[in-house]
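Peer 1: I'll drop the sequence and a predicted model, then ask my questions.
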Amino acid sequence: MKQFLVLFLFLSVAVHAQKKTNATEPLDSTNYYIELANFHKKNNNFRSSQDYIQKAIEFAEKKQDIQAQADAYSFLGSVYFELKKIQDAIQTYDKSIQLYTTQKPSSNQAYALYNLGVCYVEIKDYSKAEYYFKQAEDIYETIEIAEAKELVNLQKGIVYRAKGENQLALSIFNTIVVKPDEEDHFRTKAQALYQIGLIEAEGNRNNLALNYMNRAMDLSVKNKNYELQANVAKSMSEVYEKMIDIPNSFKYIKQHLRIRDSIKEINSKRVGTEDFLSFKQAEQLKSIDQMNRENKEQQRANKFSKLISILSIALISILSLLSLSLYKNNIIRSQSNKQLQDKNQELQISKDKAEKASKARAEFLSTVSHELRTPLNAINGITHLLIEENPKKSQLQYLTSLKFSGDYLLTFINDILEINRVESDNIEVEQINLNIKQLLQDIFNSFKDLARKNNNDFNIELNGEIPENLIGDPTKLSQIFINLINNALKFTKDGKVTITTTVIKTENEITTLLFEITDTGIGIPPEKQLSIFESFAQGSVEINRKYGGTGLGLAIVKRLVSLLGGKIKLTSSEGIGSTFSFIVDFKLGQQTIVDNKKQYDESIFVGKKVLVVEDNKINQMITKKMLENKGMVCELIDNGENSIEMVRSTPYDLILMDVHLPGINGTVATQRIREFNKVIPVIALTAISLNENREMLLSFGMNDVVTKPFNPDNFYKVIANQLA
């Protein structure tokens, strides 16, 4: 029905146009007609815009003004580009550039070359696009128009990314995104941020990609760039889909479709796109004798009028029948839609409840992390400082107990946060060199005291030729072994605990290992063996009260073993003991493992000037004391605003920046510092889970991250790495 209505209106307008007399247009100048054409183009009246630009071309040809002809053809090329007639736009820009080459280099010539390059980007002919962008750039440099270089650079970056040369593209986009958030830079900066986001998404750095895309979306909204908004929303939906975050993926694909519908609605209001072919025909026939053309046009108009009259009667009859049919169909459709709306509303309510619950859980854990880690940092930090000051023997006993309690509390906090992290499906497996025998030996040595305390016979058995160098994830393996060994020793008294590693096979550069942790402890009843791997499950309330713990360790182990490609198995009898086992495949490594226990010389600290940006007074005192103990000079500030001015006026060797500050937070302060100082190392201090936020913090310009409570050895090692 819409097609009939459009045809009827189009024919009616054409009849009305045939009845109008030709008004005499003032022949002022080429620029006059170009200005009229531009006015109609801005109002989406492309038919009138085409008519006036044709008059501009004819006037310039009559006056033999080459520069004016080139300008008129360049404008006509932009009209074709707006109408998505790319091949016609390329031909017209070619005409314009041929005319410009006979004149002195100008900004109009450079702009035509730039637009021709954009046309070739549209049809994915990147070699030609690069060629014309380079020519445009050379002219802009010759006539010293530096502002235009940013537009050319953006397109060059897009070409590099399309060709897979991401490093070259990133170097260009980064020069654009560091520009201040001013209206003049909104369009190019938004596009550059979006392109960086696409590159990060291709590299599976999803959180980083979302950060750049969110910033691109904000700027495109300010600039009312609906096309870019639609593209960004679609890309964010795809990133969330990769992260298996279906609610957010669904949210952004809906946003993409909504923006696309708005663009279609705007385009549907344009006047003149239907007349494009008739305009092209008129342009090709412009050299025919004026009298013959008017006679032919009159004959065609008469035939056209008769045809319209016949079609109008036919259309009215057809529309009447269609209206009756549509009325009946609408009644049926409205009933079906009402039922669908009711179902959709029910589904939406359920979806909203699930999203709110998930968001509330995440916010609660984030709050717990920050609120517990901050005071715990004070406890552990002060304990560390007091132990270093050679306390009395009686005091050392108390301090050692305090340190143990702090570490024990930290383990509980980490377990709660770790189960949330491993269940989020947003965790990656490392593939680096590791020495399985050394890893197990180190863990074995760390548990000797606990084994001795419970009077357990604690052994490790390595069966078969285990290769020295394998490729795997040492962090996740350590978490698995620590949880399983700790449980075995905790639930076994006066018994035996054995760690066994067996080589099952080695072929095609793959070694398959079987790991078993066996104990002779209290065992697990059959009815509890299926639920023991669930979160917060611990056999019984009596076991929880007697042995302590969160009941999260085995849930974490099950998820981590699954990530490594294995499956945890349990064999247990109540009162006899338990065996936990799993099999993992490892690729053979090529390089020798390096001992990373000591990677710096403490003399590097002496005399270095450090600015500590921290609002908590106790944390200020602890951090300052730890720095001064290594010979560093420390200055304190408690807010982000003042830290920016201090860095601007005073040279520092290093900044320790707390993420959560009053006023502007540490990430914003770092961004502003990077505007005038890109060299000084900035280390983020955060009480939030490191694994969930590291990439995000680094994207704001920070060099490294230290999580509270500080591990002193790691704290000094990170500082040494940045000072080196």
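Peer 2: Nice, I can see it. None of these values were measured; they are calculated from a predicted model.

Peer 1: every contact and neighbour count from this point should use C-alpha atoms.
Peer 2: Will do.

Peer 1: my guess is residue 683 contacts residue 653, does it?
Peer 2: No. Between residue 683 and residue 653 there is no contact under CA atoms under 8 Å: 11.6 Å.

Peer 1: tell me how far the residue nearest the centre of the chain lies from residue 665.
Peer 2: Note on the chain: the residue nearest the mean C-alpha position is residue 209, at 1.6 Å, using CA atoms, centre = their mean. Applying CA to CA, to the nearest Å, the value for residue 209 to residue 665 is 22 Å.

Peer 1: could you do residue 186 as well?
Peer 2: Distance check for residue 186 against residue 665: by CA to CA, it reads 24 Å.

Peer 1: more neighbours, those two?
Peer 2: Using other CA atoms under 10 Å, the more surrounded residue of residue 186 and residue 665 is residue 186, with 23 against 16.

Peer 1: which SS class is the more buried one?
Peer 2: Classification of residue 186 by DSSP: H, G, I helix; E, B strand; the rest coil places it in helix.

Peer 1: how about it: what's its closest non-neighbour residue?
Peer 2: Spatial nearest neighbour of residue 186, excluding adjacent residues (CA to CA, 6 or more residues apart in numbering): residue 219 at 5.8 Å.

Peer 1: contacts only, for the one you found.
Peer 2: 186-187, 189-190 (CA atoms under 8 Å, 6 or more residues apart in numbering).

Peer 1: reformat these as CSV; add distance to residue 305 and pLDDT.
Peer 2: Listed next are these as CSV, based on distance: CA to CA, whole Å; pLDDT from 0 to 100:
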residue, distance to residue 305, pLDDT
186, 50, 74
187, 47, 78
189, 53, 85
190, 51, 86
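
Peer 1: of residue 683 and residue 653, who's got more company?
Peer 2: In this view residue 683 and residue 653 are compared by other CA under 10 Å, and residue 683 has more residues nearby, 25 against 16.

Peer 1: so the more buried one belongs to a strand, correct?
Peer 2: Yes. Counting by three-state DSSP, residue 683 falls inside a strand.

Peer 1: please name the residues that touch it.
Peer 2: 654-657, 702-706, 719.

Peer 1: scan those residues and report the most crowded one.
Peer 2: residue 657 leads these on contacts (other CA under 10 Å) with 29 neighbours.

Peer 1: point me to the helix or strand that includes it.
Peer 2: Using DSSP states H and E, the element containing residue 657 is strand 654-658.

Peer 1: tell me the average confidence for that strand?
Peer 2: Averaging pLDDT along strand 654-658 gives 95.

Peer 1: repeat for stretch 432-446
Peer 2: Taken as a whole, stretch 432-446 has a mean pLDDT of 87.

Peer 1: okay, buried residues for it please.
Peer 2: 433-436, 440, 444 (16 or more other CA atoms under 10 Å).

Peer 1: select the helix or strand of the chain having the lowest average pLDDT value.
Peer 2: Sorted by mean pLDDT, DSSP states H and E, the helices and strands of the chain end with helix 2-19, the least confident at a mean of 34.

Peer 1: immediately after it, which helix or strand?
Peer 2: Scanning forward in sequence from helix 2-19 by DSSP H and E, the next helix or strand is helix 30-42.

Peer 1: show me what that following helix is packed up against.
Peer 2: helix 46-63, helix 66-82 (3 or more CA pairs under 8 Å, 6 or more residues apart in numbering; DSSP states H and E).

Peer 1: the shortest one vs helix 30-42, what angle?
Peer 2: Here helix 66-82 runs at an angle of 10 degrees relative to helix 30-42 (axes from the mean of the first three to the mean of the last three CA atoms, to 10 degrees).

Peer 1: off-centre distance for the helix or strand following helix 66-82?
Peer 2: Using DSSP H and E, the helix or strand that follows helix 66-82 in sequence is helix 86-100. Computed by CA atoms, centre = their mean, to the nearest Å, the separation of helix 86-100 from the middle of its chain amounts to 38 Å.

Peer 1: so what secondary structure elements neighbour helix 86-100?
Peer 2: So helix 86-100, by 3+ CA pairs under 8 Å, 6+ apart, packs with helix 66-82, helix 107-122.

Peer 1: who's in contact with the longest one?
Peer 2: So the one you mean is helix 66-82. Residues outside helix 66-82 that contact it (CA under 8 Å, 6+ apart) are 30-31, 34, 41, 46, 50, 53, 56-57, 60-61, 86, 88-90, 92-93, 95-97, 99-100, 103, 108, 112, 115, 119.

Peer 1: repeat that for 6 Å
Peer 2: Contact with helix 66-82 is made by 57, 60, 89, 92-93, 96, 99-100, as judged by CA atoms under 6 Å, 6 or more residues apart in numbering.

Peer 1: swap in the last one?
Peer 2: Applying CA under 6 Å, 6+ apart, the contact partners of helix 107-122 are 100, 129, 132-133, 136, 139.

Peer 1: do that again at 8 Å, thanks
Peer 2: 71, 74, 78, 81, 86, 89-90, 93-94, 96-97, 100, 126, 128-133, 135-137, 139-140, 143, 152, 155, 159.

Peer 1: of the buried residues of stretch 432-446, which belong to helices?
Peer 2: Mapping these onto helices (DSSP state H) picks out 436, 440, 444.

Peer 1: could you dump those to CSV with distance to residue 485?
Peer 2: Below are these laid out as CSV (distance: CA to CA, whole Å):
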residue, distance to residue 485
436, 16
440, 11
444, 9
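
Peer 1: low-confidence ranges in the stretch 351-500 of the chain?
Peer 2: Residue ranges of the stretch 351-500 of the chain with pLDDT under 70: 358-374, 376-378, 393-394, 397-398, 400-401, 403-428.

Peer 1: strands along that one, start to end?
Peer 2: Ranges of strands in the stretch 351-500 of the chain, per DSSP state E, counting those that start in this stretch, are 432-434, 457-463, 470-472, 496-507.

Peer 1: and those strands: which comes nearest residue 245?
Peer 2: Residue 245 sits nearest to strand 470-472 of all these, at 26.8 Å, using CA to CA.

Peer 1: distance of the residue nearest to the centre of the chain relative to residue 257?
Peer 2: For residue 209 relative to residue 257 (CA to CA), the value is 21 Å.

Peer 1: end to end on stretch 42-51, go ahead and measure it.
Peer 2: First residue to last in stretch 42-51 (CA to CA) measures 15 Å.

Peer 1: cool, and stretch 443-459?
Peer 2: 12 Å.

Peer 1: for it, the distance to its chain's centre please.
Peer 2: 46 Å.

Peer 1: swap in stretch 243-251?
Peer 2: That offset, for stretch 243-251, works out to 14 Å (CA atoms, centre = their mean).

Peer 1: ok, for residue 658, nearest residue in space, not its chain neighbours?
Peer 2: Residue 658 sits nearest to residue 685 (CA to CA, 6+ apart), 4.5 Å away.

Peer 1: can you pull the contacts of that neighbour?
Peer 2: By CA under 8 Å, 6+ apart, the contact set of residue 685 is 656-659, 705-708.

Peer 1: for those, which one is nearest residue 583?
Peer 2: residue 707 (32.5 Å).

Peer 1: how near is the closest one to residue 86?
Peer 2: Relative to residue 86, and taking CA to CA, residue 707 is found at 54 Å.

Peer 1: correct me, but residue 643 touches residue 637?
Peer 2: Yes. Residue 643 is in contact with residue 637 according to CA under 8 Å; the separation is 6.5 Å.

Peer 1: what's the local residue count around the closest residue to residue 450 other than its chain neighbours?
Peer 2: Nearest in space to residue 450, with sequence neighbours left out and distances taken as CA to CA, 6+ apart, is residue 489 at 7.0 Å. Applying other CA under 10 Å, we find 29 other residues in the vicinity of residue 489.

Peer 1: tell me which residues touch residue 489, please.
Peer 2: 450-451, 454, 456, 497, 519.

Peer 1: and residue 586, by the same measure?
Peer 2: With contact set as CA under 8 Å, 6+ apart, residue 586 has these partners: 470-472, 510-513.
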